[in-house]
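Colleague: Provided below for reference: sequence and predicted model.
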Amino acid sequence: MNEQRWEPPSGDFATLLTRYGELAAELEESTDLERSEELRKRLAELDSLIDHVNSPFSLPGP
């Protein structure tokens, strides 16, 4: 597989959520075991990134 790795813009929460949904939909339809494993890894990475971006410590203070 010759796929470029997707890099999210820093702090772009809507883009992160959109990409997560796209990968989840692709995983749901995938019948290729290797592709499914790669999608699960990428979803886990995105999940961690979304948690980090959404954490109270990363949000600007008052």
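Modeller: Structure received. Numbers count the residues shown, from 1 in each chain.

Colleague: looking at this protein, which helix is longest?
Modeller: helix 33-54 (DSSP state H).

Colleague: residue 26: neighbour count?
Modeller: Residues lying near residue 26 (other Cβ atoms under 10 Å) number 14. Every C-beta, even on glycine, is put in place using the N, C-alpha and C of the backbone.

Colleague: residues touching it, list them.
Modeller: Going by Cβ atoms under 8 Å, 6 or more residues apart in numbering, residue 26 touches residue 39.

Colleague: can I get whichever strand or helix holds it in CSV, CA atoms only?
Modeller: In the assignment (DSSP states H and E), residue 26 maps to helix 13-29. Output of helix 13-29 as CSV, limited to C-alpha atoms (Å, rounded to 0.1, in the frame of the first residue of the first chain):
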residue,chain,number,x,y,z
PHE,A,13,-10.9,19.9,16.1
ALA,A,14,-13.6,19.8,13.4
THR,A,15,-11.1,18.3,10.9
LEU,A,16,-10.0,15.7,13.5
LEU,A,17,-13.6,14.6,14.1
THR,A,18,-14.4,14.5,10.4
ARG,A,19,-11.3,12.4,9.7
TYR,A,20,-12.2,10.1,12.6
GLY,A,21,-15.6,9.6,11.1
GLU,A,22,-14.2,8.9,7.7
LEU,A,23,-11.8,6.3,9.0
ALA,A,24,-14.5,4.7,11.2
ALA,A,25,-16.8,4.4,8.1
GLU,A,26,-14.0,2.9,6.1
LEU,A,27,-13.2,0.4,8.9
GLU,A,28,-16.9,-0.6,9.0
GLU,A,29,-16.9,-1.4,5.3
